[in-house]
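In: Attaching a predicted model along with its sequence, questions to come.
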Amino acid sequence: MIDMLFLDAGGVLLFPNWVRVSEALARHGVHVAPETLAASEPRAKYRLDVGDTIRATSDSERGWLYFDLLLEEAGVPGTASTAAALKELREYHGRENLWELVPVDVIPTLARLRALGLKIVVVSNANGRLRHVFGRLGLTEHVDVLFDSFEEGVEKPDPRLFQIALERSGGTPATTMHVGDLYHVDVVGARAAGLRAVLLDLGGLYVDYECPKIRSFAELPEFLKSSK
């Protein structure tokens, strides 16, 4: 019986503002549509989600490697112009958090999850601006507790972040499930802390990975009902 749900933020509840990314690139003479960037995102993330890469990098380092892979998947070669655009985006991210796109299914799905009696806890690798962006986007009221790895001084896949979240939110591993978008960060980390884990695989790319998977966040309530 699951009574508490841990959710990743980026890649589950929030995504990069593709319009902002496209406009930043255009200011530096690089033209790529927001839709192209969004379509390239699952492939870039899958390429990033390699055990050796995850173990050898911090979340901050992976964030910008992710954008290099994203542009490559979108057919955009790395140049001085793309570097300048990414620098501009990095500065914005440090102030406001670039992960500011909330898919239309997120808030209705959070409401459905709460209606199931679940306590909703955000457990995310972030840059210290997660509370700020949740408040700015009106998401704070839709979750119960929020843990930002920057504030805690430890980040996934280190199981200590999950353990901190369990202790402070009053959860137990046996009745808590984590949902994230990176196998080697979210699934590996959650399992190391004794939690069950579900991978949100938007691109359907993780066919050879042994873990429960969903293809959209909106599927989660029915998945939880069927997995009791």
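Out: That came through fine. Model, not experiment: these values are computed from the prediction.

In: Ramachandran coordinates for residue 75?
Out: The phi and psi values for residue 75, taken as degrees, to the nearest 10, are phi 80, psi 20.

In: any idea of the pLDDT on it?
Out: Model confidence at residue 75, expressed as pLDDT, equals 97.

In: mind checking how far it is from residue 40?
Out: Here residue 75 is placed at a distance of 8 Å from residue 40 (Cβ to Cβ, to the nearest Å). Quick note: C-beta positions are derived from backbone N, CA and C, even for glycine.

In: beta partners of residue 176?
Out: For residue 176, the beta-bridge partners are residue 4 (DSSP bridges).

In: Got the confidence number for it?
Out: Reading off the confidence values, residue 176 has pLDDT 98.

In: Tell me the spacing between it and residue 8.
Out: 14 Å.

In: now stretch 205-212, how far from the centre of its chain.
Out: 17 Å (Cα atoms, centre = their mean, to the nearest Å).

In: what's the answer for stretch 191-198, then?
Out: Taking Cα atoms, centre = their mean, one finds the center of stretch 191-198 at 16 Å from the center of the full chain.

In: From one end of that stretch to the other, what's the distance?
Out: 10 Å (Cα to Cα, to the nearest Å).

In: any idea which element the residue nearest to residue 86 when sequence neighbours are not counted lies in?
Out: Nearest residue to residue 86 in three dimensions, chain neighbours excluded: residue 67, at 5.6 Å (Cβ to Cβ, 6 or more residues apart in numbering). Using DSSP states H and E, residue 67 sits within helix 59-73.

In: And the closest residue in space to residue 174 that isn't next to it in sequence, what's its pLDDT?
Out: Spatial nearest neighbour of residue 174, excluding adjacent residues (Cβ to Cβ, 6+ apart): residue 194 at 7.5 Å. As summarised for this prediction, residue 194 has a pLDDT of 98.
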